[in-house]
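> Pasting a predicted model and its sequence here:
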Amino acid sequence: MPGSIAPLHLIMFVAVALVWGFNFPVAKTGLMHLPPLLFMALRFAVVAIILVPFVKLPRGRWRQVIGIAFTLGLVHFSLMFNGLRDLDAATAAIAIQLQVPFASLLAAVFFKDKLGWRRALGMAIAFIGVALIAGEPRLNGQYLALFLVIGAACTWSIANVQIKFLTGVDGFALNAWMAVFATPMLLIASLVLEDNHVVIMSEISWTAIFAVLYQSIMVVVFGYGCWYWLLRRYSFNQAMPFTLLVPVIGVFSAVWFLGEALTPYLIAGGGLTVVGVAIIVLRRPKVASPGAERQ
């Protein structure tokens, strides 16, 4: 049947969504033991060690890769994980989905990609959903943390534009070399902005180690390895709907494993956000680059 997905590949798509969705409570748990910038530096260091031996040099593309490492590796993940530290994982899983509306806006600016009324409607619905969550009493004044996550979503969309201008470097190689350059950037930022590195590393817990390894091995090596392999076999139209499972899994895994409250505001706001994002990606799925690593 044309356009159908083989059962094994369907399982792989769902497995990737599960790994990426469960990443929210795992990351939140890791942040209870490690400061955000150090956490990310360790994560990217592991990714670089694993992937670099297996990828080609991005010859003639070094400046672009370093630029992406700065925007995506340093700025995006710094904002995301500093926000997630003080915000519940379920809310973060929903708010970060605004990266898709932001990417759609920038695609219209940089690539003359016509928005159309359907995608404009989807963007409006997604923002209304996050605004609904922001107005919930449960947020308890954590507006700065929410703003940081939304800023991370916006920064991701900027990196998405950078990646679309990058040619001749596949997604796996980009992840590997971005990790090489993001690691020292994050480490320097951590040394300047965070404290007690020697004590933290000498007393690092198995929970923190698990969180770092999950982030690097499961999210990047396994998750993106499967994702890129599947994208060589299926169109974006077939693949992108599976990404809509990620925030849903993120919310329910945070509720299940962290005991976070599943409130009416979260259900309504999250539902609106996912519907809005769905309208955007199903209407024009290529607003997001396959190489743009997501939280």
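Perfect, I can see it now. Residues are numbered from 1 along each chain as shown.

> what residue ranges in this protein are flagged as low confidence?
Counting by pLDDT under 70, the chain has low-confidence residues at 1-3, 283-295.

> Kindly recompute the last result at 50.
Applying pLDDT under 50 to the chain flags the ranges 1-2, 285.

> From Ala189, how far out is the residue lying closest to Leu213 once chain neighbours are set aside?
Residue nearest to Leu213 in three dimensions, not counting chain neighbours: Val46, with 6.8 Å by CB to CB, 6 or more residues apart in numbering. Just so you know, the C-beta spots here come from the backbone N, C-alpha and C atoms, and that holds for glycine as well. Separation of Val46 from Ala189 (CB to CB, to the nearest Å) stands at 18 Å.

> can you check Glu203 too?
Distance of Glu203 to Ala189, given as CB to CB: 22 Å.

> Between those two, which is the more surrounded one?
Ala189 (18 against 10; other CB atoms under 10 Å).

> In terms of helices and strands, where is that one?
Per DSSP states H and E, Ala189 falls inside helix 171-193.

> Test my guess that Val169 contacts Val65.
Yes: counting by CB atoms under 8 Å, Val169 touches Val65, with 6.9 Å between them.

> starting at the chain centroid, how far to stretch 246-260?
Here stretch 246-260 is found 16 Å from its chain centre; the criterion is CA atoms, centre = their mean, to the nearest Å.

> now swap in stretch 15-33 and tell me
A distance of 11 Å separates the centroid of the chain from that of stretch 15-33, by CA atoms, centre = their mean.

> Which parts of it count as buried, going by neighbours?
For stretch 15-33, a neighbour-count test (16 or more other CB atoms under 10 Å) marks 16-31, 33 as buried.

> Stretch 214-228 too?
Going by neighbour count (16+ other CB under 10 Å), the buried part of stretch 214-228 is 214-221, 223-227.

> Quick check: end-to-end length of stretch 192-203?
The first residue of stretch 192-203 is 21 Å away from its last residue (CA to CA, to the nearest Å).

> what sits up against it?
Residues from elsewhere that reach stretch 192-203 (CB atoms under 8 Å, 6 or more residues apart in numbering): 34-38, 190-191.

> run the last query once more with 7 Å
Where contact means CB atoms under 7 Å, 6 or more residues apart in numbering, the residues beyond stretch 192-203 that reach it are 34-35, 37-38, 191.
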